[in-house]
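S.K.: Predicted model and sequence below, questions to follow.
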Amino acid sequence: MTNQYGLDADYFQKWMRRVLRGLDNYTPEELARELARMAVTANPSVLNEHEFQKKEAQQ
């Protein structure tokens, strides 16, 4: 089912259920990768927004 914004909500609900089912066994890196994959699938341009850019090390 596509929602009012064009997102395939069923697809993401299934994906999220699968991730949540196994959440106890994810490392932080694995969870971050899975969530990043979801973000890229939903709308890759969001990852170009300022808050997702690598922060320079403060001196």
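M.R.: Ah, there it is.

S.K.: So which residues make contact with the longest helix seen in the chain?
M.R.: Using DSSP state H, we find that the single longest helix of the chain is helix 28-42. Here helix 28-42 makes contact (CB atoms under 8 Å, 6 or more residues apart in numbering) with 7, 12, 15-16, 19, 23, 26, 46-47. Using the backbone N, CA and C atoms, a C-beta is placed for each residue, glycine as well.

S.K.: now the residue nearest the centre of the chain: how far from residue 54?
M.R.: Nearest to the mean C-alpha position of the chain, by CA atoms, centre = their mean, lies residue 35 at 2.8 Å. Distance of residue 35 to residue 54, computed by CB to CB, to the nearest Å: 17 Å.

S.K.: Let me know the pLDDT of residue 40.
M.R.: The per-residue pLDDT reported for residue 40 equals 96.

S.K.: no, scratch that, I was asking about residue 58
M.R.: pLDDT recorded at residue 58 is 49.

S.K.: Would you confirm that residue 56 belongs to a helix?
M.R.: No - assessed with DSSP: H, G, I helix; E, B strand; the rest coil, residue 56 is coil; it does not lie in a helix.

S.K.: Measure how buried it is and give me the count.
M.R.: 6 (other CB atoms under 10 Å).

S.K.: contacting residues for it?
M.R.: No residues are in contact with residue 56 under the rule CB under 8 Å, 6+ apart.

S.K.: where in the protein is pLDDT low?
M.R.: Within the chain, the stretches with pLDDT under 70 are 57-59.

S.K.: about what we covered before: what distance do you get for the residue nearest to the centre of the chain to residue 5?
M.R.: 19 Å.

S.K.: now swap in residue 11 and tell me
M.R.: With CB to CB as the criterion, residue 11 and residue 5 are 14 Å apart.

S.K.: And for residue 19?
M.R.: 21 Å.

S.K.: Compare those two and say which is more crowded by neighbours.
M.R.: residue 19 (16 against 8).
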